[in-house]
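Undergrad: generate a structure from the sequence data that follows.
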Amino acid sequence: MAARRDRTHYLYIAVIVAVALGILVGFAAPGVAVELKPIGTGFVNLIKMMISPVIFCTIVLGVGSVRKAAKVGAVGGLALGYFMAMSTVALAIGLVVGNILEPGSGLHLTEATREAGAAQATGASESTADFLLGIIPTTIVSAFTEGSVLQTLMVALLAGFALQAMGSAGEPVLRGIGHIQRLVFRMLAMIMWAAPVGAFGAIAAVVGETGLDALKSLAIIMIGFYITCALFVFVVLGALLRLVAGLNIFTLLKYLGREFLLILSTSSSESALPRLIAKMEHLGVSKPVVGITVPTGYSFNLDGTAIYLTMASLFIAEGMGDPLSIGEQVSLLLFMIIASKGAAGVTGAGLATLAGGLQSHRPELVDGVGLIVGIDRFMSEARAMTNFAGNAVATVLVGTWTKEIDKQRVNEVLAGKIPFDEKTLVDDHGPADEAGDAPQSVPEPRGLEKADKAGV
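TA: Okay, here's the model as predicted:
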């Protein structure tokens, strides 16, 4: 059994080789490379196709197995409070580093970049009312067909609370959804074998489109952004993880190494969302915490996007010769705290959010978005990986605060004693399974669910 699972190592070696080949093709034959873009887009679309059913099954199983609805609300409230705090910290760090580097000085806005900025701003702004109304799907089914994480989250929470209220009558439905979850994760495991092809097409296209010229002229903000993201992950998130959960950030990120490789090759944190859910459950965090924290975090806990928004805003203002005053920077920071919420974890979403934020706050700077279009794709890799790391750490922290984490299992998993099943991506670590018996349809819940069953 273990030998069969080890075959997935070859898959991720193939992804690394594919990325290298994609870069070579992008430099050697840019025209051909650009034509390969649909291959990368197709792979990301295959992954996105699975996100709604994964989120639905995970949340319904997690919420439906908890006996008291108030505890689910407590997890969600704690997660949202943490997300708001960390997004604010990330925005502030972006402002500080941006002021130190002053990356936009000396650049000039051409007519071409002016038009590129205007194109990004078209339809990018969205009012708070539109955002809130957008959470409500047209129909229950449309929440799955339109690919909106927040709409799926809402339908799944309603279904979970309804099954919770049904009590024992809802248990057959929960078992059925458990079987569907297995099917969905097995399909996802099959799709992952297309990752090398998708990575090759995505990387080749972006290198072919961008070339070296844009990278040379905009290297300062790129390098500064990457360093800032690294400092945020390893210093800020690392310190929090050590103080709250007693874990080493490097050990956790090593456990999620394959997911980071997938994000790097596709430039989309959404491509790793289903695997993050599976791995956090395998790590030892309870289903309700994983089911609520991870999907919500993908819309509200975008640390990398927050850093990007403030640094890019300063870069554009300086590049256009109209630097922001300290008061304007604080005002923009407050605005971006709201504007960054709901930005999808897909390529280009950060650019659209930036354009929309500037259009609402400083319209005269919108044209300058064109200055950053050329390197946005390369910055989106760091943005996506930072967002992903932030959500992984948030899940562990919320699990620790709510005492919904099996610390002994966490240590064993991170030490490599309990390998993740790459074949099914489904975590079945109940007592029966560990004893070698048949796995249960719905894994035995831990933490607060057990307490609820005991009548606590």
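Undergrad: give me the pLDDT value at the closest residue to residue 160 other than its chain neighbours.
TA: Using C-beta to C-beta, 6 or more residues apart in numbering and skipping the chain neighbours, the partner closest in space to residue 160 is residue 63 (2.8 Å). Just so you know, the C-beta spots here come from the backbone N, C-alpha and C atoms, and that holds for glycine as well. Residue 63 carries a pLDDT value of 74.
Undergrad: can you get me a residue count around residue 63?
TA: By the other C-beta atoms under 10 Å criterion, the neighbourhood of residue 63 contains 26 residues.
Undergrad: after the host helix or strand of it, next one along is what?
TA: Secondary structure assigned from DSSP states H and E places residue 63 in helix 37-64. For helix 37-64, the following helix or strand on the C-terminal side (DSSP H and E) is helix 69-101.
Undergrad: now the helix holding residue 63: buried residues?
TA: 37, 39-41, 43-44, 46-48, 50-64 (16 or more other C-beta atoms under 10 Å).
Undergrad: by contact count, what packs against that helix?
TA: helix 142-145, helix 149-166, helix 171-191, helix 195-217, helix 257-266, helix 273-283, helix 287-300 (3 or more C-beta pairs under 8 Å, 6 or more residues apart in numbering; DSSP states H and E).
Undergrad: what's the angle between it and helix 69-101?
TA: Comparing the axes of helix 37-64 and helix 69-101 via axes from the mean of the first three to the mean of the last three C-alpha atoms, to 10 degrees yields an angle of 140 degrees.
Undergrad: now the angle from helix 37-64 to helix 287-300?
TA: Helix 37-64 and helix 287-300 are oriented at 140 degrees to each other (the same axes, to 10 degrees).
Undergrad: residue ranges of the helices in the stretch 251-400 of the chain, please?
TA: For the stretch 251-400 of the chain, the helices defined by DSSP state H, counting those that start in this stretch occupy 257-266, 273-283, 287-300, 303-319, 326-339, 349-361, 370-401.
Undergrad: and the ones you listed as JSON lines, adding distance to residue 84, mean neighbour count and mean pLDDT?
TA: Conversion of the helices of the stretch 251-400 of the chain to JSON lines gives the following (distance: least, C-beta to C-beta, whole Å; neighbours: other C-beta atoms under 10 Å; pLDDT from 0 to 100):
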{"stretch": "helix 257-266", "distance to residue 84": "24", "mean neighbour count": "21", "mean pLDDT": "82"}
{"stretch": "helix 273-283", "distance to residue 84": "21", "mean neighbour count": "25", "mean pLDDT": "87"}
{"stretch": "helix 287-300", "distance to residue 84": "8", "mean neighbour count": "27", "mean pLDDT": "81"}
{"stretch": "helix 303-319", "distance to residue 84": "11", "mean neighbour count": "28", "mean pLDDT": "81"}
{"stretch": "helix 326-339", "distance to residue 84": "7", "mean neighbour count": "17", "mean pLDDT": "71"}
{"stretch": "helix 349-361", "distance to residue 84": "17", "mean neighbour count": "24", "mean pLDDT": "65"}
{"stretch": "helix 370-401", "distance to residue 84": "12", "mean neighbour count": "25", "mean pLDDT": "82"}
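Undergrad: quick one: closest of those helices to residue 411.
TA: Among these, the nearest to residue 411 by C-beta to C-beta is helix 273-283 (10.1 Å).
Undergrad: ok, and what's touching the closest one?
TA: Contacts with helix 273-283, where a contact means C-beta atoms under 8 Å, 6 or more residues apart in numbering, come from 47, 50-51, 54-55, 58, 185, 188, 255-256, 258-259, 262, 287, 290-291, 294-295, 298, 345, 388, 391-392, 395-396, 409-410, 413-414, 418, 420-421, 425-427, 429, 443.
Undergrad: switch to 6 Å and redo it
TA: Contacts of helix 273-283 with the rest of the structure, by C-beta atoms under 6 Å, 6 or more residues apart in numbering, involve 50-51, 54, 58, 188, 259, 290, 294, 298, 395, 410, 413, 420, 425, 427.
Undergrad: tell me the angle of it relative to helix 149-166?
TA: Using the same axes, to 10 degrees: helix 273-283 against helix 149-166 is 40 degrees.
Undergrad: just the angle for helix 273-283 relative to helix 370-401, thanks.
TA: Counting by the same axes, to 10 degrees, helix 273-283 points 20 degrees away from the direction of helix 370-401.
Undergrad: dump helix 273-283 to CSV, restricted to CA.
TA: What follows is helix 273-283, C-alpha atoms only, in CSV (Å, rounded to 0.1, in the frame of the first residue of the first chain):
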residue,chain,number,x,y,z
LEU,A,273,-7.7,24.8,-1.5
PRO,A,274,-9.2,21.2,-1.6
ARG,A,275,-5.8,19.8,-0.7
LEU,A,276,-5.5,22.2,2.2
ILE,A,277,-8.8,21.1,3.6
ALA,A,278,-7.8,17.4,3.4
LYS,A,279,-4.3,18.0,4.9
MET,A,280,-5.6,20.2,7.8
GLU,A,281,-8.1,17.4,8.7
HIS,A,282,-5.3,14.8,8.4
LEU,A,283,-3.1,17.0,10.6
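Undergrad: residues near residue 15, how many?
TA: Neighbour tally, residue 15, other C-beta under 10 Å: 23.
Undergrad: return the helix or strand that contains it as PDB; C-alpha atoms alone will do.
TA: Using DSSP H and E, residue 15 sits within helix 8-28. Coordinates of each C-alpha in helix 8-28 appear next as PDB, following Å, rounded to 0.1, in the frame of the first residue of the first chain:
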ATOM      1  CA  THR A   8       2.900  10.600  -6.200                       C
ATOM      2  CA  HIS A   9       6.500  11.700  -5.500                       C
ATOM      3  CA  TYR A  10       7.100  11.300  -9.300                       C
ATOM      4  CA  LEU A  11       4.100  13.500 -10.000                       C
ATOM      5  CA  TYR A  12       5.700  16.500  -8.200                       C
ATOM      6  CA  ILE A  13       9.100  15.800  -9.600                       C
ATOM      7  CA  ALA A  14       7.400  16.000 -13.000                       C
ATOM      8  CA  VAL A  15       5.800  19.300 -12.000                       C
ATOM      9  CA  ILE A  16       9.300  20.800 -11.200                       C
ATOM     10  CA  VAL A  17      10.700  19.600 -14.500                       C
ATOM     11  CA  ALA A  18       7.600  21.000 -16.300                       C
ATOM     12  CA  VAL A  19       8.100  24.400 -14.700                       C
ATOM     13  CA  ALA A  20      11.800  24.500 -15.800                       C
ATOM     14  CA  LEU A  21      10.800  23.400 -19.400                       C
ATOM     15  CA  GLY A  22       8.100  26.100 -19.400                       C
ATOM     16  CA  ILE A  23      10.600  28.800 -18.500                       C
ATOM     17  CA  LEU A  24      13.000  27.600 -21.200                       C
ATOM     18  CA  VAL A  25      10.300  27.600 -23.900                       C
ATOM     19  CA  GLY A  26       9.000  31.000 -22.700                       C
ATOM     20  CA  PHE A  27      12.500  32.500 -23.300                       C
ATOM     21  CA  ALA A  28      13.400  30.500 -26.400                       C
END
